[in-house]
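Engineer: okay, sequence plus prediction incoming.
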Amino acid sequence: MLTRYNPVSALDAFPTEFRLFQDTLSKWIDETTQGRPWTPPVDILETENELVLKADMPDVKMSDIKVDLENGTLSLKGQRKFEAEKKEKGYHRIERSYGSFARYFAVPDTVDPEKVSAEYKNGVLTVTLPKKEVAKPRTVKIDVRD
């Protein structure tokens, strides 16, 4: 007969102590992760004429977002505020992060800083960075002689 060893089953003899340890550890992890900085995820796409940066920022008001381009660095800054609902019942779980965020991206010299634009729609910030004319790919026909 084969018996599998289960290290957790050994703790069944001390269920109260194990549960207390587990609850304490879970509480400690929740407390330490609440202070972690929140950073919105970003996708960056390059096309023939531009670079496009898309950042997911759900529940962030447009007035709480700041986009700057300075010295070849694009910065996205903002804040997602925690607004507890005013009800008799409380939250059972809070997993989303809140607070201030900042993301920085190096912008290549091929981008025309005068034509950069940004749009915020449905919780997604889209920053369009058009390329300079000299940086756009072009085809040059070369005649081959015999």
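Structural biologist: Yes, it's here.
Engineer: ok, which stretches of this structure are helices?
Structural biologist: Applying DSSP state H to the chain gives helices spanning 15-34.
Engineer: any idea how far the nearest residue to Lys131 once chain neighbours are set aside is from Gly72?
Structural biologist: Distance criterion Cβ to Cβ, 6 or more residues apart in numbering; nearest residue to Lys131, sequence neighbours excluded, is Thr110 at 5.2 Å. C-beta here means a position set from N, CA and C on the backbone, and glycine is covered the same way. Going from Thr110 to Gly72 by Cβ to Cβ, to the nearest Å gives 11 Å.
Engineer: pLDDT score assigned to the residue nearest to Gly123 when sequence neighbours are not counted?
Structural biologist: When the adjacent residues along the chain are set aside, Gly123 lies closest to Pro58, with 4.1 Å between them (Cβ to Cβ, 6+ apart). As summarised for this prediction, Pro58 has a pLDDT of 91.
Engineer: burial measure for Pro58, as a count.
Structural biologist: 10 (other Cβ atoms under 10 Å).
Engineer: separation between it and Thr126?
Structural biologist: For Pro58, the distance to Thr126 - Cβ to Cβ - is 14 Å.
Engineer: over to Val140?
Structural biologist: From Val140 to Thr126 the distance is 33 Å (Cβ to Cβ).
Engineer: so the two - more neighbours on which side?
Structural biologist: Thr126 (14 against 4).
Engineer: for the more buried one, list each beta-bridge partner.
Structural biologist: Beta-bridge partners for Thr126, by DSSP bridges, are Lys54, Glu119.
Engineer: measure it to Gly78 for me?
Structural biologist: For Thr126 relative to Gly78 (Cβ to Cβ), the value is 15 Å.
Engineer: just for the protein, where's the confidence low?
Structural biologist: 1-23, 25-37, 84-89, 135-137 (pLDDT under 70).
Engineer: hmm, back to that, the residue nearest to Lys131 and Pro130 touch, don't they?
Structural biologist: No - using Cβ atoms under 8 Å, Thr110 is not in contact with Pro130; the gap is 9.8 Å.
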